[in-house]
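**Q** build me a model from this:
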Amino acid sequence: METRTQDGLTFRAAALADVPELVALVESAYRGDASRAGWTTEADFLDGRRTDEQGVREVIETVDSTLMVVERKDEIVACCQLQHRGDHAYFGMFAVRPVLQGEGLGKVIIAEAERRVRELWGAAQMRMTVVNVRAELIAWYERRGYRLTGESSPFPYGDQRFGVPLRDDLEFVLLAKDLP
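**A** Down below sits the predicted model:
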């Protein structure tokens, strides 16, 4: 994966040395009080961890997968997972530092992610899963051209790698976008 700079941001593949900082970033964007500084928090319906060092290492080391790091002034401000899955690419582990959310970084990052999966793998579609109760997040992705497919998968209750659910109606919904 090439290093590329655009709009004052540098995009590059994560290195194993980045793992502790990336875990902290993802946790801060989704869980605990720190996540409430942004709008991507899951703290109202999921407790526990969002990821750990082993999970981030696995994303970095998986064949046909990359964890894209986004830096501004040599500081990691965001990341996302990109994984080649046959005829499409999967987009996940998207995290933007909470105090920077709402500044338009997400739009730039997802556009770069889409560009990369087309260039790297010739992916014709990007897919992602989102927890069903995240209406505002689903709406944000829909404004970027993603659509709900009608497919869903059960939330893995009891598997604390995904967090500790605070409600019993969670599931993952699938969103997809055809890439030009």
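**Q** what sits closest to residue 167 if chain neighbours are left out?
**A** Distances taken as C-beta to C-beta, 6 or more residues apart in numbering put residue 45 closest to residue 167, at 5.3 Å, once the chain neighbours are dropped. For the C-beta atoms, the positions are set from N, CA and C on the backbone; glycine is no exception.
**Q** which residues does the one you found contact?
**A** By C-beta atoms under 8 Å, 6 or more residues apart in numbering, residue 45 lies in contact with 131, 133, 165, 166, 167, 170.
**Q** could you check how far the fourth one is from residue 96?
**A** The reference is to residue 166. 23 Å (C-beta to C-beta, to the nearest Å).
**Q** what does the first one give?
**A** When C-beta to C-beta is the yardstick, residue 131 and residue 96 sit 17 Å from each other.
**Q** more neighbours: these two, which one.
**A** More crowded of residue 131 and residue 96, by other C-beta atoms under 10 Å: residue 96, with 23 against 18.
**Q** surely that one touches residue 39?
**A** No - counting by C-beta atoms under 8 Å, residue 96 does not reach residue 39; the two are 9.8 Å apart.
**Q** show me the strands in this structure, by range?
**A** 4-6, 9-13, 46-47, 65-72, 75-85, 88-96, 125-131, 147-154, 164-165, 171-178 (DSSP state E).
**Q** possible to save the ones you listed as a markdown table with mean pLDDT and distance to residue 141?
**A** Putting those into a markdown table (pLDDT from 0 to 100; distance: least, C-beta to C-beta, whole Å) gives the following:
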| stretch | mean pLDDT | distance to residue 141 |
| --- | --- | --- |
| strand 4-6 | 83 | 21 |
| strand 9-13 | 97 | 20 |
| strand 46-47 | 90 | 19 |
| strand 65-72 | 97 | 17 |
| strand 75-85 | 97 | 13 |
| strand 88-96 | 97 | 9 |
| strand 125-131 | 97 | 7 |
| strand 147-154 | 98 | 9 |
| strand 164-165 | 92 | 22 |
| strand 171-178 | 98 | 5 |
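**Q** could you export those strands to TSV, including columns for distance to residue 104?
**A** Listed next are these as TSV, based on distance: least, C-beta to C-beta, whole Å:
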stretch	distance to residue 104
strand 4-6	13
strand 9-13	11
strand 46-47	26
strand 65-72	12
strand 75-85	12
strand 88-96	10
strand 125-131	19
strand 147-154	22
strand 164-165	32
strand 171-178	19
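**Q** quick check: which of the ones you listed is nearest to residue 22?
**A** Smallest distance to residue 22 across the strands of the chain (C-beta to C-beta): 5.6 Å, for strand 75-85.
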